[in-house]
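*Asks:* quick one: sequence plus predicted model below, questions after.
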Amino acid sequence: MKFFHAVRTGAIALAALGMLIPSTTLLAATTVKAKTTQAETSAAAERFDVGLHQDNLLFGQVVDAQGVPQASVPIQLIQKNRVLITVKTDPSGFFAISKIPPATYQVKSGKMSGTYRLWAPKTAPAEAQAGVMMVVGQGPVRAQQGPIGYWFGKVWEVAGLIVSKVVAIPLAIHGCMTANPEETW
């Protein structure tokens, strides 16, 4: 009888602890660790396939976070940490670089950059993009600020979680106690 009482008490304690720790905090820690490990072991996971056009022409556009085209933004084509060419976007935010040999390059604009595997015309896989789209001036997404910054940005959600847990835990304990009134805690 004492064994079942201890098991039930442990289960209630674990349930209460699980309700107190937001699951997104636990998932965020796991996700950050997985992303860090993945980035360290394989740069290929962050590579985008892009099909070059006639004359090995690479098209692209630079926009801000709201989708507004950005004019006169410098774009660098980098290979093996060496800048091969720098161009600027036109008034519509578009840029073009011609006569690029198919290979893997880094395309950089200010602080934004991406790794692209460029394919010769008509040889790119079906899922390859037709060009490069870069979004500049975008602030960090809340999840990139870590679990603390994420939750401080959601004050009402946190308050709702706290209130729900303050109500749910005593109800769960009361429910267990009234189910078997002869057992004592």
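*Replies:* All right, it came through fine. Numbers count the residues shown, from 1 in each chain.

*Asks:* low-scoring stretches of the chain, by residue?
*Replies:* 1, 4-5, 11, 13-45, 138-158, 176-185 (pLDDT under 70).

*Asks:* where exactly do the helices run in it?
*Replies:* 2-20, 23-41, 146-152, 155-179 (DSSP state H).

*Asks:* burial of Thr9, as a residue count?
*Replies:* The number of residues packed near Thr9 is 12, by other Cβ atoms under 10 Å. To be clear about C-beta, it is placed using only N, CA and C from the backbone, and glycine gets the same treatment.

*Asks:* distance of it from Pro170?
*Replies:* Using Cβ to Cβ, to the nearest Å, we find Thr9 at a distance of 15 Å from Pro170.

*Asks:* next one: Ala130
*Replies:* In terms of Cβ to Cβ, Ala130 sits 59 Å off from Pro170.

*Asks:* now swap in Lys108 and tell me
*Replies:* Lys108 is 56 Å from Pro170, by Cβ to Cβ.

*Asks:* which one's more surrounded, the two?
*Replies:* Lys108 (17 against 11).

*Asks:* which residue packs closest to that one, ignoring adjacent ones?
*Replies:* Gln76 (4.5 Å; Cβ to Cβ, 6 or more residues apart in numbering).

*Asks:* and for Ser72?
*Replies:* Spatial nearest neighbour of Ser72, excluding adjacent residues (Cβ to Cβ, 6+ apart): Lys88 at 5.2 Å.

*Asks:* what's near enough to touch that neighbour?
*Replies:* By Cβ atoms under 8 Å, 6 or more residues apart in numbering, the residues touching Lys88 are Ser72, Val73, Pro74, Ile75, Phe95.

*Asks:* identify the bridge partners of the last one.
*Replies:* Partner residues in beta bridges with Phe95, using DSSP bridges, are Gly60.

*Asks:* so it touches Ile75, yeah?
*Replies:* Yes: under the criterion of Cβ atoms under 8 Å, Phe95 makes contact with Ile75 at 5.0 Å.

*Asks:* got any residues that touch both of the two?
*Replies:* Joint contacts of Phe95 and Ile75 (Cβ under 8 Å, 6+ apart) are Gly60, Val62, Val87, Lys88, Thr89.

*Asks:* looking at those, which has the most residues close by?
*Replies:* Val62 leads these on contacts (other Cβ under 10 Å) with 27 neighbours.

*Asks:* so who does the spatially closest residue to Pro102 that is not a sequence neighbour touch?
*Replies:* Using Cβ to Cβ, 6+ apart and skipping the chain neighbours, the partner closest in space to Pro102 is Ala120 (4.5 Å). Listed by Cβ under 8 Å, 6+ apart, the contact set of Ala120 reads Leu52, Asn56, Pro102.
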